[in-house]
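Engineer: need a structure here:
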Amino acid sequence: MGIFSRGRTKQPGEYGKGTGIAISKGQIFGLLIGIGFLGFLVTSDMQIPSGIIATIGGIAFVMLFFATMRYPELALYGMVAYLPFSKILPGDFGGAAAGVNMTNLFMVIIIFGWMSSGASGGSKHWENHPLHLPIILFGIWGVVSFLHSITMLGGWVFTDRVSDVKRWLDPIIIYFLFFHVIQDKRRWKTVVIVLLIGVFVAAFSAVWEYQTDSGGGSLESERIGGIAQQPNILGAFFVYYMFIFASFWLENIAKAKAWLNLLPFVICLRGIMVTFSRGAYLAFATGILGITFFKNKILFVLTCVAIAFVLMNPWMLPAGIRMRLESTFKPNTQLTDPYGTGGAEEVEGHLDKSSAMRLIIWRAGLAMVKSHPFVGVGFGEFQNAVGHYSDEVAQIDAHNAYVIMAAELGIPALVFFVVMLLTLMWYTSRVYELETDPFIRATALGFLGGLSGLLMANMFGSRLNSVEVAGYYWILAALIARAHKWVMDERRDLRDTEAAEAKSRRPGSRLSPRQQRLLDAKKQQGQTPPAPTPGKRPGSPRKADRPRKADDTRRPDERGWTDRDATGRFE
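Structural biologist: All right, here's what the predicted structure looks like:
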């Protein structure tokens, strides 16, 4: 059944059926090579003529379109592999047409396959989940604010900002696409595998770029922007997704192979280091606290003690991190100096110019929110408006996702956004607690660490407003919503089955068709072979336990042999 096949209602016990991954190890290796080539293009200075880009892109699109008709999941995996590199390699066919790029084409192919398979199967195209509501409200409020800015500032806003609004909505569209097309655990796991390959390649390319292109100049020239072309955003990208590697290690720490997951985790950590992003450092520490909190409370307490010990002994930190953190404060500043009784002005007096400027911007942003609390000053208007609320700054970013969201879109948008994050974190924790599949549990735990870091990373900038960085976040959110739906459906079936059994024992009671199906499904499960003996690999019985094949009495020519006798030996 293809990834878009949704022709019938799932029977009890079929939710997320399928336990392996949908591609082979050889295909995974091929994906690694393909994504690695994208990483090579990112780090190299190779200039490809626009005509060649348009030709190759057109041929690739046509091939992918027809291949998707037979293997619909290809577009899904291709999009996951491509998203982190979509800013540097936009695939816009040399700018031949506005709005035509690989991200949009991938979405068109997936939508086409989803709709066509749903129509042929006669099933509905929409499935509900509680996480949908805050996401839909958040998207609608952003559009309302955009329309409000058009009425207030004029029609030029539409022509100038409509493409920005489309890019802002792209990750939300991706969420709903992936939620509806991922219908089994095999595809679910394959998407995670491809996603992790993309994260690893992005980290490796960043570290490689630092090692090969570092010129020993100023700090700003040393910082690596990588796939995001901006160091702070690149650091946030690694924080969001690197903890999935750590979770596979934590969940399988007794297995030798699980320790291999520390290699890509360390490379991602090194990727954070070469961005020299203070916000990413703090977000990483928050992510460590988040993943240990949900994993084990004792481990969480030990992690808190370890972090406090390192902060009290900064000499233990790598030199680059220590230097970058120390640069936040002016020379000869004591640890308690910024927390005196002089208020915000005293704090600014002890901070470096960049950090002090952020406090000024945030105060101006809060003043902006007070004057436009409901729909904000308009989508993308913060930089143009901030100068009206402070004499010290003008035409500058807010450096805080929460401030800019409330200032541009209004307080309701910020409320929807925070509710969405907290709701997603709750459902992710429920998947981690209730899911029995080790792979899905490990992914959920890692995403909990990433969500914890995300809350901190967005304190220092807008880190979810671009598809190359936020695309994976929305894909993982869709996967978590789908896994949560599987878990809840299975628990509902279990509860209803128990009720049906109790009802069937009562004389004269009649079961509904659904109750009868549940009981029939349980009877079928009771007839399945017993679980394998502990210590024995499922699906890999000993040779002596395997059933013998019946003797084949067909003639050699009937078996397709040409130069062998009836025993299979060469003549």
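
Engineer: you'd agree residue 361 is up against residue 386?
Structural biologist: Yes: counting by CB atoms under 8 Å, residue 386 is a contact partner of residue 361 at 6.8 Å. (Each C-beta comes from the backbone N, C-alpha and C, glycine too.)

Engineer: For these two, list the residues in contact with both.
Structural biologist: When contacts are counted by CB atoms under 8 Å, 6 or more residues apart in numbering, residue 361 and residue 386 have 393, 396, 398 as shared neighbours.

Engineer: What is the nearest of those residues to residue 197?
Structural biologist: Set against residue 197, the nearest of these by CB to CB is residue 398 (33.6 Å).

Engineer: and the closest one, which of the three is it?
Structural biologist: Here residue 398 is recorded as coil under DSSP: H, G, I helix; E, B strand; the rest coil.

Engineer: which one of the shared contacts of residue 361 and residue 386 has the most neighbours?
Structural biologist: residue 398 (23 neighbours; other CB atoms under 10 Å).

Engineer: coming back round to it: would you list the shared contacts of residue 361 and residue 386 in a markdown table and tack on distance to residue 417 and pLDDT?
Structural biologist: Putting the shared contacts of residue 361 and residue 386 into a markdown table (distance: CB to CB, whole Å; pLDDT from 0 to 100) gives the following:
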| residue | distance to residue 417 | pLDDT |
| --- | --- | --- |
| 393 | 24 | 85 |
| 396 | 22 | 88 |
| 398 | 14 | 90 |
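
Engineer: Need these in TSV (columns: distance to residue 154).
Structural biologist: Formatted as TSV, those follow (distance: CB to CB, whole Å):
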residue	distance to residue 154
393	25
396	23
398	23
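
Engineer: Closest to residue 142 out of these?
Structural biologist: For these, the nearest to residue 142 is residue 398 (15.8 Å; CB to CB).

Engineer: what's residue 103 in contact with, if anything?
Structural biologist: Applying CB under 8 Å, 6+ apart, the residues near residue 103 are 79, 82-83, 86, 90-91, 170, 467.

Engineer: cool, residue 286 as well?
Structural biologist: 452-453, 455-456.

Engineer: among those, which are in helices?
Structural biologist: 452-453, 455-456 (DSSP state H).

Engineer: ok so, going back, most neighbours of all the contacts of residue 286, which one?
Structural biologist: Going by other CB under 10 Å, residue 453 tops the contacts of residue 286 with 29 neighbours.

Engineer: quick one, phi psi at the nearest residue to that one once chain neighbours are set aside?
Structural biologist: Once flanking residues are discounted, residue 453 sits nearest to residue 287: 3.2 Å by CB to CB, 6 or more residues apart in numbering. For residue 287, the backbone dihedrals (degrees, to the nearest 10) come out as phi -60, psi -40.

Engineer: Residue 287 contacts residue 447, doesn't it?
Structural biologist: No: using CB under 8 Å as the test, residue 287 is too far from residue 447 to be in contact (10.4 Å).

Engineer: neighbour count winner among the two?
Structural biologist: Counted by other CB under 10 Å, residue 287 and residue 447 do not tie: residue 447 has more neighbours, with 32 against 28.

Engineer: who's in contact with that one?
Structural biologist: 243-244, 428, 476, 480 are the contacts of residue 447 under CB under 8 Å, 6+ apart.

Engineer: picking that back up, which of the contacts of residue 286 sits closest to residue 355?
Structural biologist: Checking those against residue 355 with CB to CB, the nearest one is residue 456 at 15.6 Å.

Engineer: ok, that closest one to residue 281 distance?
Structural biologist: Computed as CB to CB, to the nearest Å, the residue 456 to residue 281 distance reads 10 Å.

Engineer: returning to what we had before: name the residues contacting each of residue 287 and residue 447.
Structural biologist: residue 243.

Engineer: could you say what helices and strands the longest helix seen in the chain packs with?
Structural biologist: Looking only at the chain and at elements set by DSSP H, the helix with the highest residue count is helix 467-505. Where contact means 3 or more CB pairs under 8 Å, 6 or more residues apart in numbering; DSSP states H and E, helix 467-505 is packed against helix 156-181, helix 185-213, helix 231-241, helix 411-434, helix 438-457, helix 513-526.

Engineer: Please identify the deepest-packed of the ones you listed.
Structural biologist: helix 231-241 (a mean of 28; mean count of other CB atoms under 10 Å).

Engineer: Can I get the very next helix or strand once past it in PDB? Just the C-alpha atoms.
Structural biologist: Next helix or strand after helix 231-241 toward the C-terminus (DSSP states H and E): helix 243-251. Provided in PDB are the C-alpha atoms of helix 243-251 (Å, rounded to 0.1, in the frame of the first residue of the first chain):
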ATOM      1  CA  PHE A 243      19.100  15.600  20.900                       C
ATOM      2  CA  ILE A 244      17.400  12.800  18.900                       C
ATOM      3  CA  PHE A 245      20.900  11.300  18.400                       C
ATOM      4  CA  ALA A 246      21.400  11.600  22.200                       C
ATOM      5  CA  SER A 247      18.000  10.000  22.900                       C
ATOM      6  CA  PHE A 248      18.800   6.900  20.800                       C
ATOM      7  CA  TRP A 249      21.900   6.500  23.000                       C
ATOM      8  CA  LEU A 250      20.100   7.100  26.300                       C
ATOM      9  CA  GLU A 251      17.300   4.700  25.400                       C
END
